[in-house]
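>>> output the structure for:
(one chain, ligands or ions: 1)
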Amino acid sequence: MPNLILSRLTKTFGVTRALRDVSFTVAPGERIALLGHNGAGKSTLMKIVLGLIPFDGGMATVLGAAPGDRAARRQVAYLPENVAFHPALTGLEQIRTYLRLRGEAARDAMGLLDRVGLADAATRRIGTYSKGMRQRVGLAQALIGKPRLLVLDEPTSGLDPVSRRDFYATLDGLAADGASILLSSHALTEVEARTDRIVILSQGAMVANASLAQLRQQAALPIQMQVRARDGAADMVAESLGGARFNGATVNLNFAPDQKLARLTQVTALGALIEDVEVIPPSLEDIYSHFSKQVRP
Ligand SMILES: Nc1ncnc2c1ncn2[C@@H]1O[C@H](COP(=O)(O)OP(=O)(O)OP(=O)(O)O)[C@@H](O)[C@H]1O
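Got it, this is the predicted structure:
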């Protein structure tokens, strides 16, 4: 059974339809990226899953219970976008405090900090930590009680590429242990290789729910091919391929993905007239903007 089930979830704030009929599930061990422009409904969805705000219609089941139920709350962890800790406490003291508040053994603190790569800095004051380190204290805190669903609101915003990679590596380990992860982000490039499925919200409606490979296929955006002609052959190549010339010897072609092989065959047939060929698939930004522009009526 999925750890999270959302079915036709709807939420309205006055005249704003923050969520419209949103349905998707998150299975144990699955990492889902929730993407969308500002105001798309990501935080609203997370708040509903956490039981912080009610919803108007549809259904939400969190670990077999209603959002916010004791049973659900015990097994769900949340990491807000900007975590704030007491700067005078060390990482170890802070996590010990949280463990005590949760009624867990304070001696587990070092193990949690080790898990997020903070063992070496555990006895340093949080005031001396970098943003990436503070974010990892947040993750250590979220791991208290072995949650089965982690809800992470833009967990890597403001982190450098190395901290970001480390953060995702920790998440990979948690997912491998069976935890479900729902994280929001603004960038498809970032979640590309680090999540199993991508859910895109646009003005409260879900416009995509698939793996990146499937989204690529569904979007069917044009492929670009740059064909470099040998000296003096550019005009001939441009004419026989029907493409536009640019930068002197290069001919630019744009075509639908299902024409790729036919186009390559055409180019190969020109043999000695061709110096080189480059096939450029649509970028992740193109794919994201293709979906995030779609709005359901
Ligand atoms: N408490 C509220 N009262 C009124 N409108 C709200 C409230 N909370 C959210 N909204 C509106 O609901 C819509 C969805 O907001 P939400 O915060 O869920 O978007 P988001 O995708 O998380 O955006 P961001 O990326 O900026 O965090 C927005 O139009 C927002 O203005």
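>>> which pLDDT value goes with Leu9?
On pLDDT, Leu9 comes in at 98.
>>> and for it, the neighbour number?
25 (other C-beta atoms under 10 Å). Any C-beta I mention is one placed from the backbone N, CA and C, and that applies to glycine too.
>>> let's verify it: helix, strand, or coil?
Here Leu9 is recorded as strand under DSSP: H, G, I helix; E, B strand; the rest coil.
>>> before we move on, which element is the spatially closest residue to it that is not a sequence neighbour in?
For Leu9, ignoring the flanking residues on the chain, the nearest one in space by C-beta to C-beta, 6 or more residues apart in numbering is Gly58 at 4.0 Å. Assigned by DSSP states H and E, Gly58 falls within strand 57-62.
>>> and that strand, how far out from the chain middle?
Distance of strand 57-62 from the chain centroid (C-alpha atoms, centre = their mean, to the nearest Å) equals 22 Å.
>>> buried residues in the helix or strand just after that strand?
Using DSSP H and E, the helix or strand that follows strand 57-62 towards the C-terminus is helix 70-75. For helix 70-75, the neighbour count (16 or more other C-beta atoms under 10 Å) marks Ala72, Arg73, Gln75 as buried.
>>> mind listing residues that contact helix 70-75?
By C-beta atoms under 8 Å, 6 or more residues apart in numbering, the residues outside helix 70-75 that reach it are Gly51, Val62, Leu63, Gly64, Ala65, Ala66, Gly145, Pro147, Arg148, Leu149.
>>> what does the stretch 1-150 of the chain put close to the ligand?
Phe13, Thr16, Ala18, Gly36, Asn38, Gly39, Ala40, Gly41, Lys42, Ser43, Thr44 (C-beta under 6 Å from any ligand atom).
>>> tell me the SS of the fifth one?
If I follow you right, that is Asn38. Secondary structure, three-state DSSP: Asn38 is coil.
>>> measure how buried it is and give me the count.
There are 7 residues near Asn38, going by other C-beta under 10 Å.
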